[in-house]
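Enquirer: show me the folded form of this:
(2 chains)
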Amino acid sequence: MASGTLYTYPENFRAYKALIAAQYSGAKVKIAEDFIFGETNKSDAFLKKFPLGKVPAFETADGKYITESNAIAYYVANEQLRGKTDIERAEIVQWFGFADSEILPASCAWVFPLLGLMQYNKQTIEHAKDDVKKALTALNSHLLTRTYLVGERLTLADISVATTLLHLYQYILEPSLRKPYQNVNRWFQTVIYQPESINVIGAFKLADKTLEYDPKKFADVQEKSSAKKEKKEKRKEQKKEPKEPREADVDLADEIAAAEPKSKDPFDTMPKGTFDMDSFKRCYSNEEETVSIPFFWKEFDPEHYSIWFGEYKYPEELTKVFMSCNLIGGMYQRLDKMRKAAFASVCLFGEDNNSTISGIWVWRGQDLAFTLSPDWQIDYESYKWEKLDPNKDETKALVKQYFSWTGTDKQGRKFNQGKIFK
Amino acid sequence: MVLCSVECVQRVSQYLRIPPGNLYMSENNILASDDILPNQCVEGFSAIVQALIMNSTSPARHLGSDTEKQALTRQWLEYAVLRINYADNALNSKRILRDLNDALKSSPYITGTEMTLADVVSYHLLHGIVKDLSQQEKAQYVNISRWFDNIQQDDEIRQKLQLVNFDLLNLYL
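Expert: Prediction:
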């Protein structure tokens, strides 16, 4: 039986093909554990095995190398999935082609801009919509008289086409949009709700509402990825000349998609406690500090939440006030996913060329939250972190000072500006 | 004459590879079996089929993988007894075909995405009707045709029944 190692980033719909096929056949497919997209697959060792440096890539137990998701899926499949007769096998290859050339380009062109992975271009999207409609209409009439794409049992054709449609069903095809394709819907749900698929994809939910274009998202994602790259480059220090900036092509979009923390909120693993972050934030936004600070202390749950003092380590590098404010704002943006279970008030003291940044942070859990997700680790090392004891009077004073944006820093610089993370 | 007969139970039991026990029509004209459950007489088509499922090697496969699907399978077994049972009358059969055709519009199998014994039972009950449908009727009940063609491909389900031809279906749609 086929066995080997699959290189991929998490939640890669292309890798799903092989993983689902392996569920059916019982092939032993191990996912490479220490795989880091953009690093592992650019390493010399990887490129020697897979010259294109693309994933998914598969290394068989006896040291053979396969790329292209359909080929890998074929290798790890069983006889039923591969097709039992020549005509069935031919039809399956036909559907591979259909998925890759009729659905995939159109789906990417439609979905990626909405996810903020690609520039939004109305014309491209309209074009993509037409292509998707055409493909779905063809599929719909094919499936009117058939339960599965090829033959009367599930094959690789179904796995390949359904996984290629995942993004569309996940983000785009809200009930009204998918209504005309009832046969496709029936078939799609049949394929992805098979226990073998659920083991790989998890419980899939069809779109309730089409994702809407949000220009901010694109900016955020771009910034995040460039920040990531900067950091990466910094780490490698003076490694050759800087790389040419790459176009936002599909590959890069893939890369960003891989880097996106699709994983669940890291705070979810911690008990929620009794402190309702949202109601405090509402109170803080709508009421005077004389109301919201007592509210904070009344609601605060020291067992499940902690209070931290963060101070920027390099105040001598701070020049213009607005630039320092951007530094704080940028950090907040990069910590976007933390918002649900965290609150902060970070203040700038002093004036141009003589200022400090420090703030009070509150988040779920007792340890430094930034280590929970690789996305949150861009800025935090530039700050000195000190956990505060919520029972001490000094802490109360600090919270009061920072929440109400008053007072001075340790050296007596006056409060200049504050920013709230909520 | 009704369709949920001794013969149908025998075919289902052959598919499940579970002996149906001693099948007979009881005094009040109800199908009964003596030996499926120890020292007990099981009465009624649906009850006998469910007892067969419980005796089979993988009840979850035939009844459904969770309680909701199992409830649906039971529901459709009741439907088989109360409705399909009388489909040998032309008027009834039209109505049943229409109902089932609607039910199969959005799911490939009667209870959803998994084939259960409700499909097997319904296939056996409807075989006599579907095999005599005209091409036009097969196209009219396209969802039933699709479902029926899928089910009959399994030789263990079909057994000695005739393979119904749906090859020309496309021409009549």
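Enquirer: can you dump the C-alpha coordinates of the helix or strand hosting A:Ile198 into CSV?
Expert: Element membership for A:Ile198, per DSSP states H and E: helix A:195-201. Extracted C-alpha coordinates of helix A:195-201, given in CSV (Å, rounded to 0.1, in the frame of the first residue of the first chain):
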residue,chain,number,x,y,z
PRO,A,195,-17.0,10.6,6.8
GLU,A,196,-13.7,10.2,4.9
SER,A,197,-13.9,13.9,3.9
ILE,A,198,-15.0,15.1,7.3
ASN,A,199,-11.9,13.5,8.8
VAL,A,200,-9.8,15.7,6.6
ILE,A,201,-11.8,18.9,6.1
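Enquirer: ok now it, how far from the chain's centre?
Expert: 21 Å (CA atoms, centre = their mean, to the nearest Å).
Enquirer: what are the contacting residues of that helix?
Expert: A:16, A:19-20, A:23-24, A:159, A:162, A:166, A:191-192, A:204, B:65 (CB atoms under 8 Å, 6 or more residues apart in numbering or on different chains). Quick note: C-beta positions are derived from backbone N, CA and C, even for glycine.
Enquirer: now swap in stretch A:282-295 and tell me
Expert: So stretch A:282-295 is in contact with A:280, A:296, A:343, A:399-400, A:403-404, A:420, A:422, going by CB under 8 Å, 6+ apart.
Enquirer: now, among these, which is nearest to A:Phe98?
Expert: Closest approach to A:Phe98 among those (CB to CB): A:Lys422, at 47.6 Å.
Enquirer: ok, the closest one - how many residues close by?
Expert: 16 (other CB atoms under 10 Å in any protein chain shown).
Enquirer: re earlier: just the buried members of the contacts of helix A:195-201?
Expert: A:16, A:19-20, A:23-24, A:159, A:162, A:166, A:191-192 (16 or more other CB atoms under 10 Å in any protein chain shown).
Enquirer: farthest pair within these?
Expert: The largest separation in these, counting by CB to CB, is between A:Tyr24 and A:Leu166 at 17.8 Å.
Enquirer: taking the contacts of stretch A:282-295 together, which two end up most distant?
Expert: In these, the most distant members under the criterion CB to CB are A:Lys400 and A:Lys422, with 17.5 Å between them.
Enquirer: how about the contacts of stretch A:282-295 in JSON lines, adding distance to chain B, secondary structure and pLDDT?
Expert: What follows is these, written out as JSON lines (distance: CB to the nearest CB, whole Å; DSSP: H, G, I helix; E, B strand; the rest coil; pLDDT from 0 to 100):
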{"residue": "A:Phe280", "distance to chain B": "40", "secondary structure": "helix", "pLDDT": "84"}
{"residue": "A:Phe296", "distance to chain B": "45", "secondary structure": "helix", "pLDDT": "86"}
{"residue": "A:Phe343", "distance to chain B": "41", "secondary structure": "strand", "pLDDT": "89"}
{"residue": "A:Val399", "distance to chain B": "49", "secondary structure": "helix", "pLDDT": "87"}
{"residue": "A:Lys400", "distance to chain B": "54", "secondary structure": "helix", "pLDDT": "87"}
{"residue": "A:Phe403", "distance to chain B": "50", "secondary structure": "helix", "pLDDT": "87"}
{"residue": "A:Ser404", "distance to chain B": "54", "secondary structure": "coil", "pLDDT": "87"}
{"residue": "A:Ile420", "distance to chain B": "46", "secondary structure": "strand", "pLDDT": "89"}
{"residue": "A:Lys422", "distance to chain B": "41", "secondary structure": "coil", "pLDDT": "85"}
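Enquirer: flag every residue of chain A that's near chain B.
Expert: By CB under 8 Å from any CB of the partner chain, the part of chain A that sits against chain B consists of A:144-148, A:151-153, A:182, A:185-187, A:189-190, A:193-195.
Enquirer: only the buried subset of those, as a ChimeraX command please.
Expert: To isolate the buried members of the residues of chain A next to chain B in ChimeraX, using 16+ other CB under 10 Å:
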select /A:144,145,146,147,148,151,153,185,186,187,189,190,194
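Enquirer: among the residues of chain A next to chain B, which ones are in helices?
Expert: A:144, A:182, A:185-187, A:189-190, A:195 (DSSP state H).
Enquirer: can you list contacts of the longest helix along chain B?
Expert: The residue-count maximum for a helix in chain B (DSSP H) belongs to helix B:67-82. For helix B:67-82, contacts defined as CB under 8 Å, 6+ apart pick out B:4, B:44-46, B:49-50, B:62-64, B:110-112, B:114, B:116-118, B:121-122, B:125.
Enquirer: so is stretch B:159-170 next to chain A?
Expert: Yes - using CB under 8 Å from any CB, stretch B:159-170 reaches chain A at B:166, B:169-170.
Enquirer: cool, and stretch B:137-149?
Expert: Yes - applying CB under 8 Å from any CB, one finds stretch B:137-149 touching chain A at B:142, B:145-147, B:149.
Enquirer: what does chain B have sitting close to chain A?
Expert: Checking chain B against chain A by CB under 8 Å from any CB, the hits are B:65, B:105-108, B:112-113, B:142, B:145-147, B:149-150, B:153, B:166, B:169-170, B:173.
Enquirer: derive a ChimeraX selection command for the buried subset of these.
Expert: Buried subset of the residues of chain B next to chain A, written as a ChimeraX selection, criterion 16+ other CB under 10 Å:
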select /B:107,108,112,113,142,145,146,147,149,150,166,169
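Enquirer: tell me where the model's unsure across the chain.
Expert: Here I'm looking at chain A. Counting by pLDDT under 70, chain A has low-confidence residues at A:227-264.
Enquirer: the chain in question should be chain B.
Expert: B:1.
Enquirer: which residues touch B:Asn92?
Expert: Counting by CB under 8 Å, 6+ apart, B:Asn92 touches B:83, B:86.
Enquirer: mind checking how far it is from B:Asn85?
Expert: 9 Å (CB to CB, to the nearest Å).
Enquirer: secondary structure for the residues of stretch B:137-149 next to chain A - can I get that in CSV?
Expert: Conversion of the residues of stretch B:137-149 next to chain A to CSV gives the following (DSSP: H, G, I helix; E, B strand; the rest coil):
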residue, secondary structure
B:Val142, helix
B:Ser145, helix
B:Arg146, helix
B:Trp147, helix
B:Asp149, helix
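Enquirer: now distance to A:Gly63 too, for these, in TSV please.
Expert: Converted to TSV, these look like this (distance: CB to CB, whole Å):
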residue	distance to A:Gly63
B:Val142	50
B:Ser145	49
B:Arg146	45
B:Trp147	46
B:Asp149	44
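Enquirer: quick one: which of those is nearest chain A?
Expert: Closest approach between these and chain A, by CB to the nearest CB: B:Arg146, at 5.2 Å.
Enquirer: quickly note the distance from the closest one to B:Leu31.
Expert: Applying CB to CB to B:Arg146 and B:Leu31 gives a distance of 30 Å.
Enquirer: same question for A:Ser306.
Expert: In terms of CB to CB, A:Ser306 sits 69 Å off from B:Leu31.
Enquirer: the two: who's more crowded?
Expert: Between A:Ser306 and B:Leu31, B:Leu31 has the larger neighbour count (other CB under 10 Å), namely 23 against 20.
Enquirer: now the residue nearest to A:Phe188 when sequence neighbours are not counted: which helix or strand?
Expert: In this structure, A:Phe188 finds its nearest non-sequential neighbour in A:Ala162, 5.5 Å apart by CB to CB, 6 or more residues apart in numbering or on different chains. Element membership for A:Ala162 (DSSP H and E) is helix A:156-167.
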